[in-house]
Structures are given as structure tokens and as C-alpha cells.
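[1] quick check, what structure comes out for this input:
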Amino acid sequence: MKPTLLREIQDTTTLINPILSRLIVNALPCQSNLHAKIRYALTEKGLRVRPFLVRMGYEMGGGHYRDILPIGAALELMQIATLVIDDILDESYLRNGRESIFAKWGIKKGILVGELLKTLSTVSLIHYININKKFRRKNNALMIFENAYKDICVGQYLDLLYEEKNIITEEDYLSMIEKTTASFIRASIVIGATLSCTSKNTIKSLSNYGLHLGIAYQIRDDIIDIIGESACTGKPFAGDIRRRKKRLPIIHAFNTSTPSIKRKLLSIYKKEELDDKDVNDIITILHENGSIAYSIEKAKKICKDADSNIIGLGDEKIRKMLFELTGLVSTFDL
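    Numbering: from 1, shown residues only. Below is the predicted model:
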């Protein structure tokens with residue numbers, strides 16, 4: 001990651017973390033048992049990219065970054081809530097190299113933790129939007145926030161639905177990830193811009209940037225799931241394949257491979273449980289069919305489309321960091 005971009009995201013993360021802790025303590029007094037579970041969810045490894053995007057959107061309109069930090073914290077609570085629920089839906093036992101909430105405390109408590117985090121994110125967002133007189137278009141920001149969560153739920157439903165289908169189209173896949181990862185990444189930067197003095201044209205440009213960034217981000221994540229090592233990704237190796245998820249490399253292979261290879265893929269994907277040999281056979285097919293290479297080039301092209309929306313836009317420093325972010329998503333050197 002470029003030094004300037006890394007430093008700015010780290011700075012945002014450092015500023016967000018104590019706000020998150022205060023929100024939990026203030027919202028749930030005398031609930032030490034719940035605090036422990038929510039703190040466990042909050043102490044995820046990695047950088048908090050979505051609050052950084054909220055900040056970028058707000059600063060693009062000339063706002064001061066400290067004003068928007070609580071809004072970034074509220075969005076991060078929603079992000080963590082969706083991850084908790086996602087692990088339950090996928091029956092995933094690992095999240096960032098450690099036990100998921102689902103693995104540690106089970107389905108029932110996991111659902112409640114996820115629901116609590118989502119409720120706290122909404123309550124926090126409403127509170128901080130209302131008390132800050134500098135913010136503009138407050139109702140618009142709230143609608144963007146709630147619509148993003150609705151889209152995520154629809155996208156997660158489609159993801160589960162597609163597990164039951166043998167083949168889906170690339171358009172189906174792109175529509176699904178547009179409603180999940182891309183919807184929330186777009187919402188983050190647009191909420192920041194909406195609450196500042198950013199013009200409608202700038203908001204539209206940032207919305208298009210966020211949408212394309214989010215799509216490319218998810219495609220990259222799907223590729224890394226296949227070519228990355230578990231120690232680096234913090235997730236089970238080829239977890240999406242093991243759960244028979246329909247991700248872009250798989251979709252490309254299903255739709256472009258020879259009839260015999262397609263039959264082999266279908267026979268493996270119809271199994272109730274895939275073993276290591278099944279997974280390795282599929283990964284070999286994905287490489288030999290050019291499906292990994294195709295997906296990488298697709299992500300890079302979408303990143304270029306994202307950049308095209310912000311050329312000449314607003315503050316040069318912010319624009320440069322947004323370019324650096326798409327550059328990072330375009331990188332597959334592991």
C-alpha cells in the first residue's frame with residue numbers, strides 16, 4: 001500500500017477505535033457479558049477502510065475530518081454487523097485468522113450480536129447527524145445508510161440462492177456484489193459527501209467511483225480467496241469453493257470451458273462436501289482455463305472505470321488518495 005494512503009487510513013482507524021468503544025459502553029451499560037462479545041467483534045484485524053471513505057467524501061466538500069469521525073464509526077458498526085451475520089449464513093468458522101462470532105458463541109448469540117451492532121449503528125448515526133449543525137442533507141444521508149443495509153440483505157439472499165444453482169451468469173454475479181460489497185462502499189463515500197457542502201455533480205461522481213471500487217474490491221477478494229494463503233487472508237483456503245459459491249472465476253470457467261471440463265466442474269460442485277482433491281482440481285481448471293487471469297483483468301478494468309469518474313474532481317490530495325486506493329485494489333502481487 002502506498003505510504004500516504006496507508007498513513008491516512010491508519011490515522012483514521014486510530015481515531016475511530018476509541019469512538020467505537022465509547023459507543024458500546026454508553027449504549028449498553030451494565031452488560032459486561034455482551035460487552036465482551038461485541039468487543040471481540042470490534043477488535044478485527046486490519047484497517048477500517050469504510051470510515052476512511054466517509055472521511056474522504058466529507059473532506060471533498062471542504063469539511064473538517066474530525067466532524068465526520070463519529071459517522072464513520074457508525075458505518076463501521078454496520079460493517080461489522082454484516083460480517084457477523086455473513087459468517088452465520090456461510091457457516092464460516094474463521095474471520096481474519098481467528099474464530100468467528102458464530103464459531104465462538106453459536107448461531108443464536110451470533111444473530112443477537114449482529115442485530116445489536118446494526119441497531120447501535122443506526123442509533124449512533126441518527127444521534128451524531130442530528131447534533132452536528134454543520135451537516136447538510138441529513139435525511140438523504142440516513143436514507144442512503146438504510147438503503148445500503150437493505151441492499152446488503154438482498155445481496156446476501158441472492159448469494160445463498162445462487163449456491164443452489166449449477167450455473168449463473170456473470171451479470172447475475174455482478175448484480176449480487178453490487179448489492180453487497182459495492183453498495184456499502186459506495187454508501188460510505190456518498191454519505192460523507194452528502195453531509196458536507198459537496199455539489200450534486202460531485203456526489204454523483206463519487207457515487208460512481210464508490211460503486212466501481214466496491215465491485216472491483218469484491219472481485220479481488222474472491223480471487224485472493226483462491227490464490228492467497230490462509231495465513232495471509234485470515235480465512236480458510238479456498239473457502240468460497242468449498243461452500244460452492246458462484247464467484248467470477250468459477251462462473252467464467254463454467255461458461256467458457258469445454259463440455260468435458262464443464263461436466264467435471266458440475267460433478268464436483270454437486271457434491272455435498274468437497275475434499276482437498278476436489279478443491280485442487282477446481283483451482284487447476286481455473287488456472288488452465290484462464291479464469292483467474294480473466295477475473296484479474298476484469299478487476300483492473302473496473303478500477304480504471306472507477307478512476308475515470310474522479311479525474312479533475314475536487315481536492316487534489318483527496319483525489320490522489322482515491323486513485324491510490326483503486327491502485328491497491330488492482331494489485332494482485334502476494
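
[2] got the buried residues for stretch 59-67?
    Going by neighbour count (16 or more other C-beta atoms under 10 Å), the buried part of stretch 59-67 is 59, 60, 61, 63, 65, 67. Where you see a C-beta, it was placed from the backbone N, CA and C, and this is true even at glycine.

[3] most widely separated two among those residues?
    Greatest spatial distance in the buried residues of stretch 59-67: 60 and 67, 13.5 Å, computed using C-beta to C-beta.

[4] quick revisit: strands - which of the buried residues of stretch 59-67 land there?
    Per DSSP state E, strands hold no members of those.

[5] of these, closest to residue 168?
    Lowest distance from residue 168 to these (C-beta to C-beta) belongs to residue 60, with 36.3 Å.

[6] distance of the closest one from residue 209?
    10 Å (C-beta to C-beta, to the nearest Å).

[7] can you map out the helices along the stretch 101-250 of the chain?
    Taking DSSP state H, counting those that start in this stretch as the criterion, the stretch 101-250 of the chain carries its helices at 101-131, 138-163, 170-179, 181-195, 200-227, 230-233, 239-242, 248-256.

[8] distance-wise, check the nearest residue to residue 197 once chain neighbours are set aside relative to residue 193.
    Excluding its sequence neighbours, the residue lying closest to residue 197 (C-beta to C-beta, 6 or more residues apart in numbering) is residue 61, at 4.5 Å. Counting by C-beta to C-beta, the separation of residue 61 from residue 193 is 6 Å.

[9] for residue 33, same thing?
    The gap separating residue 33 from residue 193 is 39 Å, by C-beta to C-beta.

[10] and the two? which has more neighbours close in?
    Taking other C-beta atoms under 10 Å, residue 33 and residue 193 do not tie; residue 193 has more neighbours (32 against 9).

[11] what pLDDT does that one get?
    pLDDT recorded at residue 193 is 97.

[12] re the thing from before, model confidence score at the residue nearest to residue 197, please.
    pLDDT recorded at residue 61 is 92.

[13] angle of the host helix or strand of residue 322 against helix 200-227?
    Using DSSP states H and E, residue 322 maps to helix 316-329. Per axes from the mean of the first three to the mean of the last three C-alpha atoms, to 10 degrees, the angle that helix 316-329 makes with helix 200-227 is 30 degrees.

[14] quick check: buried residues in helix 316-329?
    Neighbour counts over helix 316-329 (16+ other C-beta under 10 Å) mark 318, 319, 321, 322, 323, 324, 325, 326, 328, 329 as buried.

[15] stretch 19-27 now?
    19, 20, 21, 23, 24, 27.

[16] can you tell me which of those are in helices?
    Per DSSP state H, helices hold the following members of the buried residues of stretch 19-27: 19, 20, 21, 23, 24, 27.

[17] who's in contact with the first one?
    Think residue 19. By C-beta atoms under 8 Å, 6 or more residues apart in numbering, the contact list for residue 19 reads 69, 70, 73.

[18] list the contacts for the first one?
    What it means is residue 69. Going by C-beta under 8 Å, 6+ apart, residue 69 touches 12, 15, 16, 19, 51, 55.

[19] pick out the most distant pair among the residues you listed.
    Counting by C-beta to C-beta, the most remote pair of the contacts of residue 69 is 19 and 55, 12.6 Å apart.

[20] okay, now the unreliable bits of the stretch 1-150 of the chain?
    Per-residue confidence for the stretch 1-150 of the chain (pLDDT under 70) gives these ranges: 1-3, 44-46.

[21] could you give the separation of stretch 128-136 from the chain centroid?
    26 Å (C-alpha atoms, centre = their mean, to the nearest Å).

[22] just to revisit the earlier point, okay, the buried residues of stretch 59-67 in JSON lines with distance to residue 98 next?
    JSON lines is the format used below for the buried residues of stretch 59-67 (distance: C-beta to C-beta, whole Å):
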{"residue": "59", "distance to residue 98": "33"}
{"residue": "60", "distance to residue 98": "35"}
{"residue": "61", "distance to residue 98": "38"}
{"residue": "63", "distance to residue 98": "36"}
{"residue": "65", "distance to residue 98": "31"}
{"residue": "67", "distance to residue 98": "34"}
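
[23] residue 285: which of these is nearest?
    Using C-beta to C-beta, the buried residues of stretch 59-67 come closest to residue 285 at residue 60, 43.9 Å.

[24] just give the nearest non-adjacent residue to residue 23, would you?
    residue 124 (5.4 Å).

[25] quick one, grab the pLDDT at residue 239.
    For residue 239, the model assigns a pLDDT of 83.

[26] show me what contacts it?
    Per C-beta under 8 Å, 6+ apart, neighbours of residue 239: 90, 92, 94, 225.

[27] quick one, phi/psi of the third one?
    Put plainly, it is residue 94. Dihedral pair for residue 94: phi -120, psi 140, per degrees, to the nearest 10.

[28] next: the second one.
    With angles defined as degrees, to the nearest 10, residue 92 shows backbone torsions of phi -90, psi 130.

[29] before we move on, back to that, tell me which of the helices of the stretch 101-250 of the chain is the most buried.
    Of all those, helix 181-195 carries the top mean neighbour count, a mean of 27, counting by mean count of other C-beta atoms under 10 Å.
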